[in-house]
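Enquirer: need coordinates for the following:
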Amino acid sequence: MALAAFFAGSALFALFGLCAVALHDVPPHHRDRRLHPHPGRVQRGRAPLKDPMTYVTYGGVTVGLIILAHHLTVWWPGLKALQASPAHHAGALLPFLLAWSYGVLTILGIGGLIGWTARTALWISNWLGDVALVWGVGGQTGQRASAATYLPLTQAGGAVVLILTAVMVALVKKSRYGSDIKRGAWCGICLGTSAGIAGFAAAPLAVAVNWLGNSVYGVL
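Expert: Residues are numbered from 1 along each chain as shown. The predicted structure follows:
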């Protein structure tokens, strides 16, 4: 019995020694990892980063086109009046176009509170437009109408958008074109990432704002 206990103790001691040597040879950051995880378990890890921009559907584009068509219909002064005073009537359309450009810029990869507000407005527009298409003409929901690629804004371009946000808020409160500015920004958010002409127009806007931001902050 004593001899058997001696051999058993010797074997356990040798086993512990081998384990200690093996752990000593393994790098510290690999000691707590399983070499062969259970096949039935899914390995947990950090989820891949997602594109912060919400895509636009046919419903969202439809809402943007409705806003644009409504505003142009209300604005249209008639051919004779437009020919008689083109500068005056074109100036009345300028606040809507400027706000449209701002709405396009806010959806081009802007983060933070401004980006969240723009993406929320786009999500609501997608939902409203999809519901209108389904119940109005029997369409389908969730069909994407966004461009395959888009040009995001740089850090300096985002700073310019932040400055424009302050200007837009002041114009909405002080200007008599407050409603035009709101509709224009909403229209730009809906059409800024579309695959049509409005989506292509977003690219030069992004280039211009990025250039302006880099130039201004480069000089300062």
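Enquirer: distance of residue 128 from residue 196?
Expert: Separation of residue 128 from residue 196 (Cβ to Cβ, to the nearest Å) stands at 19 Å. Every C-beta, even on glycine, is put in place using the N, C-alpha and C of the backbone.
Enquirer: so which of those two has more stuff around it?
Expert: Set side by side, residue 128 and residue 196 show unequal neighbour counts under other Cβ atoms under 10 Å, the larger going to residue 128 at 15 against 12.
Enquirer: packing partners for the lengthiest helix in the chain?
Expert: The helix of greatest length in the chain, counted in residues with DSSP state H as the criterion, is given as helix 112-137. Using 3 or more Cβ pairs under 8 Å, 6 or more residues apart in numbering; DSSP states H and E as the contact criterion, the secondary-structure elements in contact with helix 112-137 are helix 58-75, helix 86-106, helix 155-174, helix 178-191.
Enquirer: how far off helix 155-174 does the last one point, in degrees?
Expert: If I follow you right, that is helix 178-191. Interaxial angle of helix 178-191 relative to helix 155-174 (axes from the mean of the first three to the mean of the last three Cα atoms, to 10 degrees): 150 degrees.
Enquirer: residue ranges with poor pLDDT in the chain?
Expert: Scanning the chain for pLDDT under 70 picks out the ranges 1-54, 109, 141-142, 146-151, 197-199, 219-220.
Enquirer: tell me the buried residues in stretch 136-143?
Expert: Neighbour-count burial for stretch 136-143, with 16 or more other Cβ atoms under 10 Å as criterion, is recorded at residue 139.
Enquirer: how far does that stretch stretch from start to finish?
Expert: 16 Å (Cα to Cα, to the nearest Å).
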